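A.B. asks: Sequence first, predicted model second:
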6 protein chains.
Amino acid sequence: MSSSMLVVTAHVGDFVWRCGGAMALHAQRGVPVHLICLSYGENGESNAAWQGAAPVERDAVKQLRRAEAEAAAEILGVASLDFYDLGDYPLPESPESVQRISQTMRATKPAVVLTHPEHDSSNLDHCRTYEMVLRARMHAMAPGHGADHVVPPQVLCFEPHQSELCGFKPNLLLEITAVWEQKWQAMQAMPTQRNLWAYYERVALQRGAQAGRRAKSAGTLYGEAYQSIFPAVVPAFVE
Amino acid sequence: MSSSMLVVTAHVGDFVWRCGGAMALHAQRGVPVHLICLSYGENGESNAAWQGAAPVERDAVKQLRRAEAEAAAEILGVASLDFYDLGDYPLPESPESVQRISQTMRATKPAVVLTHPEHDSSNLDHCRTYEMVLRARMHAMAPGHGADHVVPPQVLCFEPHQSELCGFKPNLLLEITAVWEQKWQAMQAMPTQRNLWAYYERVALQRGAQAGRRAKSAGTLYGEAYQSIFPAVVPAFVE
Amino acid sequence: MSSSMLVVTAHVGDFVWRCGGAMALHAQRGVPVHLICLSYGENGESNAAWQGAAPVERDAVKQLRRAEAEAAAEILGVASLDFYDLGDYPLPESPESVQRISQTMRATKPAVVLTHPEHDSSNLDHCRTYEMVLRARMHAMAPGHGADHVVPPQVLCFEPHQSELCGFKPNLLLEITAVWEQKWQAMQAMPTQRNLWAYYERVALQRGAQAGRRAKSAGTLYGEAYQSIFPAVVPAFVE
Amino acid sequence: MSSSMLVVTAHVGDFVWRCGGAMALHAQRGVPVHLICLSYGENGESNAAWQGAAPVERDAVKQLRRAEAEAAAEILGVASLDFYDLGDYPLPESPESVQRISQTMRATKPAVVLTHPEHDSSNLDHCRTYEMVLRARMHAMAPGHGADHVVPPQVLCFEPHQSELCGFKPNLLLEITAVWEQKWQAMQAMPTQRNLWAYYERVALQRGAQAGRRAKSAGTLYGEAYQSIFPAVVPAFVE
Amino acid sequence: MSSSMLVVTAHVGDFVWRCGGAMALHAQRGVPVHLICLSYGENGESNAAWQGAAPVERDAVKQLRRAEAEAAAEILGVASLDFYDLGDYPLPESPESVQRISQTMRATKPAVVLTHPEHDSSNLDHCRTYEMVLRARMHAMAPGHGADHVVPPQVLCFEPHQSELCGFKPNLLLEITAVWEQKWQAMQAMPTQRNLWAYYERVALQRGAQAGRRAKSAGTLYGEAYQSIFPAVVPAFVE
Amino acid sequence: MSSSMLVVTAHVGDFVWRCGGAMALHAQRGVPVHLICLSYGENGESNAAWQGAAPVERDAVKQLRRAEAEAAAEILGVASLDFYDLGDYPLPESPESVQRISQTMRATKPAVVLTHPEHDSSNLDHCRTYEMVLRARMHAMAPGHGADHVVPPQVLCFEPHQSELCGFKPNLLLEITAVWEQKWQAMQAMPTQRNLWAYYERVALQRGAQAGRRAKSAGTLYGEAYQSIFPAVVPAFVE
C-alpha cells in the first residue's frame, strides 16, 4: 500500500488557508489525502453567516460550512473527508474523539499528519487539536489497541494566523506554485470567510518569496510553511 | 458605554497582592472594575485559618475568606464581585465555569482582563485560571454563542509568587504610588494571609524602584508588573 | 521519621531505565523508596508481549508486566509499590488519581519525588504523569485537605527517551556505579522490553562519562541525569 | 526640549522597509526623527547595482545608495541623517562606532530608539547593530562619560526579513495607514532594492490586518510591528 | 590544598549586592574567597560621585570606589582582591584580560566561580564578564597552556538587577541569615551606591522568604539566588 | 558543477566524532567534501599528548594532530583539507579568518555547510566557529565582494558533547550504518583522543536506534544527528 497523508483541523476553514497547497500537491502526485475536520467552525469562524439581517440557526450555519468544506476538499483532490461536529470556541476534547482519530490513522497509515501548532493563545481550539492528534498517534501505534498498529507518522504543523505569537518556527517551505490555482479556487469555495482571502494570498506570496531565495524558478512563487515535530530520518543532505 | 476591566483570580487573596493597585487606580479613574474569584482558596491558601487550637469546618473557612475578599474589594472600589466557589488545590476546570466567565465578559465588555500567568509549576490553579480565561475569551467573541459577542480584550498577566520560576517576563510597569494606601489597607483586610503582607509590600517597592528609573517623580514609589499576551495597537511611541 | 523518596511513573518499565540507580542507591542508604506505577504499560510499551504467534489477552499482558515490575522493584530495594492500573496510550487523568497520589505523599512525606519531565511530544503519558504529580503535590500541601499536610517536596525529572526533543536540560548528575549491578539486574528482570537494555546501558555510560569529568574515581562509571523543578535550598557551594 | 526618536540601521534600505511608517508618523506629529545608517549596504544589499553589463566600482554603489537614502529620508521627514560608512557583509563593530552612536544619543536625547532585533542567523549585521545600540545606550547614560548623560531610552526592535527565524515576537502594532502613501514613496525612492517593494507592501498589509482586529477603522489598513526590549512604565491600562 | 571560591564581577559594587552573603559564608567556613573586579564602575555605576557641586576627575572616582571595595571585601573576609581597571560602560574584552583571569584560576583552583548571568540587555558589561569567565575557564583547563591546568570549576550566576529581563532562573537558594550582618555592613561600606541599599536588602528578604518555605528555621531569613551553568555531580538526593 | 559539502570545525578532532559519517557517506556518493579545521586543538583537546613523561613542545603537538587529521580525512574521502592554525582554548576570531572561509565557500559553492551549534557554555570555541561560519556565509553571498558570490548554503549543526546543555535540538537523523566502518577507522586514526572512542561509538548507536524507529532496516544501526538553521525548501513530504 502506498503512503498517505492525513490532515486534522479544528475548523472547516483551516485546511484551505494553511495546507491547501500541500493537499493539492500530494493528491496530484497520487498520494491519498485524508481530511478530518473536528468542527464546522460554526460558532467562532463563520462570522459572516451570523451577520445577515434575518436570524439564523446554528444548524443552518453548520450545513453551510459543511457544503463549503466539501467543495473545497473536492477541488484539492481529497480522498476522504470526515466531519466530527464537536463544536467550537471552545472545541471540547474527549477520549472518544482521540480514539476516532486514531482509528483513521490505523486505517490510512499516513506517513505524515498535518495539523495545527502546539501553541496559540488566541485560538485554543488549535492547541487542543494538536494535542488530540499526538494522543491519537500514541493510541494508533500501541499494539495493545489492535494488531493494525502503525509506524508513528511524522507530524508537520502548518502556519497559524499570527505565527510569532504561537512560537511557530518553520523549518520546511513547500513550493506550491504548481497548484496555486487550485488552492485559490478552494479558498473561494469558502465565501463565508472571504475576509481571509487576501490575507492568505499574501501569506502564500511571502512564503513563496522566502522559498524562492533557493529555488531555481523565476516568476511569482507561492509557498506554505511547516514545522516538523519529530526528527526526519534522511538518506543524505546533498543529492 | 465606557471601557471596563475584568479581574479573574484562582483564589480570593490573589487580586489584592497581584493587581490591587491596578484595580484601585482604574476604579478611581471611573473605569468599572469587575472581579471573579474562582475559589475561596480555602484549602491551600488559608493556612492560618486551619492552624488554631480548635478544629474548624471548611465552610467556616470559606465564609471567613469571602468576608475578607468583600472587604478588600470594597476598599479597592470594585464594581462587581463574583465568587464561583470551585474549590482549590487543585482547582477544577469545567466547560460550565468557562461559559460563566464568558458571560461576564459579554455583559461587561472589558477592554482588558487581568489574570495569572500561563506557567506556574508550584501552583497549577494559576495556570488553569489562565487557560479558563483564554477559553472564555474565545467563547465570548464567537457570534455563534450570541449576538452580544465582544471585541477580544487584551489579557495582562499579573505577577506570580516567584516570577522567574514561571517564565514571567513583565513588559509593563504600572506606577501605583497614588493608590498604595488603598492597596495596603486591602492587604490588611486579609489577616488570614498576613504572612504575605511584608512580602508583597517589598514586591511593590521593587517594582516601584524599577519604574522610577524612567518616572519623573521623586520619593518612594510603588509599582506592579504585568505581561501582555497580545500585541497592543498603539497610535504612537512618543507623545 | 526519616526522609523518604517517592517515584511516580506512567508505565511499569520507566522506573528501571530512568531512575533505577537512584532508587537502589537511596534504598541502600536506608532511605525508604516508594513507587507508584500509574499503568502497566500494557498497550504501548509491551510490544514483545503482543507479538507472539498465539493471540494474547490484555489481562495476561498486565499480569506479566506486573510480575516483572515486582521483581525489578525488589532488586532495587523498593519499600512499597502501588499499581494504579489506569491504562496507557493514552493514560487518562482524573481527580481521583491525583488525590490517590497525594495520599501517598501525605503518608510517606517524601523529601523528593522523581517523575517524568514536563514535555514529551512522542509520549504524552509522561507529560500527564508530570502534571498529575504536581497537582497531587498541591493537594498534599493544603491544610484544608487534612492536618497531615506536607512540606512540599522537591521534584526531580528523570531522563526521557530522546532528551533534546523534550527540552530536558539536566542540572544534576547522579553517579550510580556502586549500584549499577543492581540496576542492570532490574533491567533484565523486564524481558518484555529487552529491546531497551543496550540503549539504557549506553545512556548510563554516557551520563557516567559526563559525571566523571568532575568525579575523582577512575574506571568505568555509570550515571543518571536529573532536572530539578524547584530551587534547592543549600547550606553552601563548597565543602 | 521635546522628545525625539532615533533610528539606527545596519544598511541604508532597512529604515524604509522596517520603520518608515513610524518615522513619517512621528515626524508628522512634530517629533524630531534622527537616523543613523551604519553602512550603505553596498556589498550585500545592493545586488541590482552590481548586476549591470558594465563593471561598477564600490564607491559608485555607495554614492547611489546614499542618494537613495537621502531621498527616502526626506520623504519621511527625517530631522537629521548620518552615514557611518562602516562597510557591510559583515559590518564591523568598534568602540569608536559605539561611542559615536552614544554621542548622538546624548545630543538628541531620544525617548525611543528603533533598531534591528537581537537575533538574525541570516544577517549578522543586524544583530551587531542591535548590540552596538545597546552598548551605546550604556555609554550615553553614564555620568563618567560626560554630564550630558541621558535617561536610558526605550529600545524597540522593528521587523526582520523572516520574523520567526529571528525569534521576533512583536508586542506593539503601529497603525500607519495615514502615512502609508509616504512610506510607499520612500520605498520607491530605493529602486536598487525594487525586488523588496511588493514583499514589504504585503508585510504592511498583514500587520495592518492584525492591528485592524482591534482598531475601529474600516477600509484597508497598513501597519508595522515592533518588540520592546524594556518594560514600559504606563499610567493606566484603560483610558 | 582545600577548595576555594572565585568571584568575578564587572564593577566594584556587584560583589556586595549580588553574592556578599555567599562570600562571607564561605570565608567563615574557611574557604578562601578570591575576588576580581574587572572595573571600578567609575563611569556608569558611581553616579553619586559625579553629582557633587564641584567637578571631579575620573581618577578620583576610581580611587573612591577602590577604597570602598577594599573595605567591603575586608568585611566579607576576602582572601585576595584584584582590580583590573578595564573601564566600564562599556567594559572592553581582550585576550589579555581573559588570560589574566585564567591565571588566577590556575593559581587558586576554585571549585566554583561566581559571576554575572549570560544575558542582561540593560547592562552588557555583565554579559561580557560572563563570557570572559567562560573563556578563561577554557584557557585554565587546557594542558597546552601549562601543566597547572585545572579541573573545570562549576559556574554559578548571581542575581542581576531585574532578574526576569535577563532570563535568570535560579535553581539554588543560599540562606545567608547567619552572615547578613556582615553583608549589610559591606553594603554600607559603599556609600557611593547608597541608592541600592534598600533595594538589595529587600532582594535578600525575598530570597530568604523563598528559601524559608523549606527551611526549618523561624524568624526573618535572608537569602541569595543562584543559577548553575553546568550539571552538578551529586552523591545523593536525600540525606 | 555538482553540489559540494563544506565542513568547518574548531579543532581537528571534531569532524571525526561529529560528522565523520556524513562526510564518508557523501564522499561515497561522489559529492566533494571540503574540510576546514580552524585549529589543531593543540591546547585544550590534545590532553594525552601533553601527559607523557618528557616535556613536549606545542609545535610537536600540532604536528601530531595534523597528521592524525590528515589520516582521518583520507579515510573519510575528503576532497580538500585546510588547516588555519588559529590556536584554541580560546579560538580567536578575526575578519581575516572569516574572509578566508568565505573564499572557500566561493570556490567550492557548497549546498550545505556542517559546523558546530550556536551555543556551548563549556566550549566557546565551538560557538565562535558557528558565528564565523555564518559571517563567512554573508560575505560569500555579497555581490560587492566579487562576482563569484554564492547562493547561500544551508547550515547544519552537528552534535556537541553534551547536547542538552547546548540547546541542541536535532531535526535530522542521518543513518550512517553503511559507512560506520570508515568512521570507526577514522576515529581510531586519532589515538590522541582515544578517551572519546567509546563515547562517540555509543552516540552513534543511540542516534542509530532513534533513526531505526522509522527505518525499514534490521540489525544494528548507526546514526548522526543534525539541526538545520534555515528552512529547507522541499518538493513534497511524501514520496
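C.D. replies: Yep, it's here.

A.B. asks: can you list the residues of chain A near chain B?
C.D. replies: Residues of chain A lying near chain B by CB under 8 Å from any CB of the partner chain: A:42-44, A:46-47, A:50-51, A:58, A:61, A:88-90, A:92, A:121-125, A:165. Where C-beta positions appear, they are placed from N, C-alpha and C, glycine not excepted.

A.B. asks: Next, count neighbours for A:Ala54.
C.D. replies: Neighbour count of A:Ala54, defined by other CB atoms under 10 Å in any protein chain shown: 4.

A.B. asks: ok and the residue in chain A nearest chain B?
C.D. replies: For chain A, the residue positioned closest to chain B under CB to the nearest CB is A:Asn43, at a distance of 3.0 Å.

A.B. asks: which stretch of helix or strand covers that residue?
C.D. replies: For A:Asn43, there is no enclosing helix or strand under DSSP states H and E.

A.B. asks: Go ahead and confirm it touches A:Asp88.
C.D. replies: Yes: assessed by CB atoms under 8 Å, A:Asn43 is found in contact with A:Asp88 at 5.1 Å.

A.B. asks: which ones are touching the residue nearest to A:Gln99 when sequence neighbours are not counted?
C.D. replies: In space, and not counting its chain neighbours, A:Gln99 is closest to A:His139: 6.2 Å by CB to CB, 6 or more residues apart in numbering or on different chains. A:His139 makes contact with A:98-99, A:102, A:145, C:89-90, according to CB atoms under 8 Å, 6 or more residues apart in numbering or on different chains.

A.B. asks: For ChimeraX, write the select line for the buried members of the residues you listed.
C.D. replies: Here is the ChimeraX selection string for the buried members of the contacts of A:His139, based on 16 or more other CB atoms under 10 Å in any protein chain shown:
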select /A:98,102,145 /C:89,90
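
A.B. asks: Can you tell me which of the contacts of A:His139 lies closest to chain F?
C.D. replies: Taking CB to the nearest CB as the measure, chain F lies nearest C:Tyr89 of the contacts of A:His139, at 15.5 Å.

A.B. asks: From A:Pro143, how far off is the nearest residue to that closest one once chain neighbours are set aside?
C.D. replies: Among residues not flanking C:Tyr89 along the chain, C:Gly44 sits closest, at 3.3 Å (CB to CB, 6+ apart). Distance of C:Gly44 to A:Pro143, given as CB to CB, to the nearest Å: 8 Å.

A.B. asks: between the two, which one's more packed in?
C.D. replies: For the pair C:Gly44 and A:Pro143, the greater number of neighbours falls to C:Gly44 (24 against 21), based on other CB under 10 Å.

A.B. asks: these two touch, right, that one and A:Ala140?
C.D. replies: No: C:Gly44 is not in contact with A:Ala140 according to CB under 8 Å; the separation is 10.0 Å.

A.B. asks: How many residues are close by A:Met187?
C.D. replies: Around A:Met187 there are 23 other residues, counting by other CB under 10 Å.

A.B. asks: Residues contacting whichever helix or strand it is part of, please?
C.D. replies: In this structure, A:Met187 sits in helix A:180-188 according to DSSP H and E. Residues outside helix A:180-188 that contact it (CB under 8 Å, 6+ apart) are A:16-17, A:20-21, A:24, A:71-73, A:75-77, A:176, A:196-197, A:200-201, A:204, A:222.

A.B. asks: Buried residues, that helix. List them.
C.D. replies: The neighbour-count criterion (16+ other CB under 10 Å) identifies A:180, A:182-187 as the buried residues of helix A:180-188.

A.B. asks: Stretch A:18-27 and chain D in contact?
C.D. replies: No: judged by CB under 8 Å from any CB, stretch A:18-27 makes no contact with chain D; its nearest approach is 14.9 Å.

A.B. asks: all strands of chain A, in order?
C.D. replies: A:4-9, A:33-37, A:80-83, A:110-115, A:154-158, A:172-175, A:223-228, A:232-234 (DSSP state E).

A.B. asks: can you put those strands in CSV and add mean pLDDT and mean neighbour count?
C.D. replies: Listed next are the strands of chain A as CSV, based on pLDDT from 0 to 100; neighbours: other CB atoms under 10 Å in any protein chain shown:
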stretch, mean pLDDT, mean neighbour count
strand A:4-9, 98, 26
strand A:33-37, 98, 25
strand A:80-83, 98, 16
strand A:110-115, 98, 25
strand A:154-158, 98, 24
strand A:172-175, 96, 24
strand A:223-228, 98, 24
strand A:232-234, 94, 18
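
A.B. asks: so which of those comes closest to E:Ser228?
C.D. replies: Closest to E:Ser228 of the strands of chain A, according to CB to CB: strand A:223-228, at 31.2 Å.

A.B. asks: returning to what we had before: what's the distance between the residue of chain A closest to chain B and chain F?
C.D. replies: According to CB to the nearest CB, to the nearest Å, A:Asn43 and chain F sit 32 Å apart.

A.B. asks: Now do the same contact list for the closest residue to that residue other than its chain neighbours.
C.D. replies: Closest residue to A:Asn43 apart from its sequence neighbours, by CB to CB, 6+ apart: B:Gly144 at 3.0 Å. Shown in contact with B:Gly144 (CB under 8 Å, 6+ apart): A:42-44, A:46, A:50, A:58, A:61, A:88-89.

A.B. asks: Mind checking which of the residues of chain A next to chain B land in helices?
C.D. replies: In this view, the residues of chain A next to chain B that belong to helices under DSSP state H are A:47, A:50, A:58, A:61, A:124-125.
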